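**Q** Return atomic coordinates for the entry below.
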Amino acid sequence: MEEKREFAISVLHSPRIVEILELLEGRSSSKKELREKLGVSGSSLVQTIAKMNSMGLVEDNGEKVEITPKGMVVLKIKGVLERYGSFLNSVERYVNEYLLDDIPPNLLKRLYELGELTIIERKEDTFKPHDEFVEELSKAKKIEGYSTIFFADYVEVFSKFAEEGKEIKIAVNEKVFSQIVRNYKEDLLRGLSYPNVELFLSTKDFRFCIVITESYFSISFYLRNGLFDYKRDFATKRESGKKWGRALLEYVMKHCVKVDADFVERFERRFKI
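**A** Below is the predicted model of the structure:
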């Protein structure tokens with residue numbers, strides 16, 4: 001166990017070892033090339049390469065030095081740690097404020113994929129979708145998401161998007177669906193008549209909201225007191241962040257049923273709306 005700890009400490013806490021691994025990623029190199037790029041003495045480099053060779057991070061045949069599969073794993077681990085650092089740097093002030101219980105464990109472990117998030121604060125009317133959010137959606141061809149909150153402005157915004165031919169696939173919880181059926185039934189049925197629109201009702205009440213487009217991912221959370229945080233959204237345009245968001249939406253969709261006009265009528269009768 002002590003040897004394993006020593007290995008991890010030696011590698012990840014040694015900037016020189018990591019630097020050499022990065023230089024060797026994807027190509028072999030001579031010691032002369034490495035020495036010139038690193039700006040170190042020959043004896044210092046020989047000692048470091050010998051140590052890395054004994055650790056199984058590189059192979060040194062005398063002429064060329066090559067990274068090993070073990071060395072590549074170390075680089076990947078370093079990348080993960082850096083992305084975790086980037087993620088925590090952007091949200092560490094808020095992490096303890098939010099409920100993360102409804103995010104599946106496998107995705108919680110991959111939160112680093114979100115990278116450095118942009119924090120969007122609503123400073124005026126917290127009960128309206130913020131301008132940046134609407135602007136991002138207006139640029140998209142495809143909009144997917146899950147919502148547990150409803151803004152009245154959504155009716156006009158999404159009706160316009162549907163008419164423009166945007167591909168829309170949205171899941172909502174029962175509370176939001178009830179609001180829509182009760183107050184905007186005609187708009188709902190008109191929207192469902194578009195071939196580019198799909199609406200789903202979630203059978204589980206997940207405590208977060210997400211939206212994904214081709215170039216944008218946004219997530220909003222519930223506070224630990226159980227209330228939704230209307231003031232703050234977290235957004236990213238990183239490909240890894242969008243991929244993480246799609247994985248979360250896929251998880252949500254496993255607990256959803258598709259809505260059509262007949263479903264709306266049955267829902268009305270069942271709940272006497």
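**Q** What residues of the one helix or strand Ala247 maps to count as buried?
**A** Taking DSSP states H and E as the criterion, Ala247 maps to helix 239-253. Within helix 239-253, the residues that count as buried by 16 or more other C-beta atoms under 10 Å are Gly241, Lys242, Trp244, Gly245, Leu248, Leu249, Tyr251, Val252. For the C-beta atoms, the positions are set from N, CA and C on the backbone; glycine is no exception.
**Q** Name the nearest of those relative to Phe161.
**A** Lowest distance from Phe161 to the buried residues of helix 239-253 (C-beta to C-beta) belongs to Leu249, with 17.7 Å.
**Q** quick one: the helices in this structure?
**A** 2-12, 15-24, 31-38, 42-54, 69-91, 105-108, 131-139, 153-164, 174-183, 185-192, 239-253, 261-271 (DSSP state H).
**Q** can you put those helices in a markdown table and add mean pLDDT and distance to Arg232?
**A** Below are the helices of the chain laid out as a markdown table (pLDDT from 0 to 100; distance: least, C-beta to C-beta, whole Å):
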| stretch | mean pLDDT | distance to Arg232 |
| --- | --- | --- |
| helix 2-12 | 58 | 33 |
| helix 15-24 | 93 | 35 |
| helix 31-38 | 94 | 44 |
| helix 42-54 | 93 | 45 |
| helix 69-91 | 88 | 10 |
| helix 105-108 | 95 | 19 |
| helix 131-139 | 90 | 12 |
| helix 153-164 | 94 | 18 |
| helix 174-183 | 96 | 19 |
| helix 185-192 | 96 | 28 |
| helix 239-253 | 97 | 17 |
| helix 261-271 | 93 | 32 |
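**Q** would TSV of these with distance to Phe217 be doable?
**A** TSV is the format used below for the helices of the chain (distance: least, C-beta to C-beta, whole Å):
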stretch	distance to Phe217
helix 2-12	29
helix 15-24	29
helix 31-38	37
helix 42-54	38
helix 69-91	13
helix 105-108	13
helix 131-139	10
helix 153-164	18
helix 174-183	20
helix 185-192	23
helix 239-253	4
helix 261-271	28
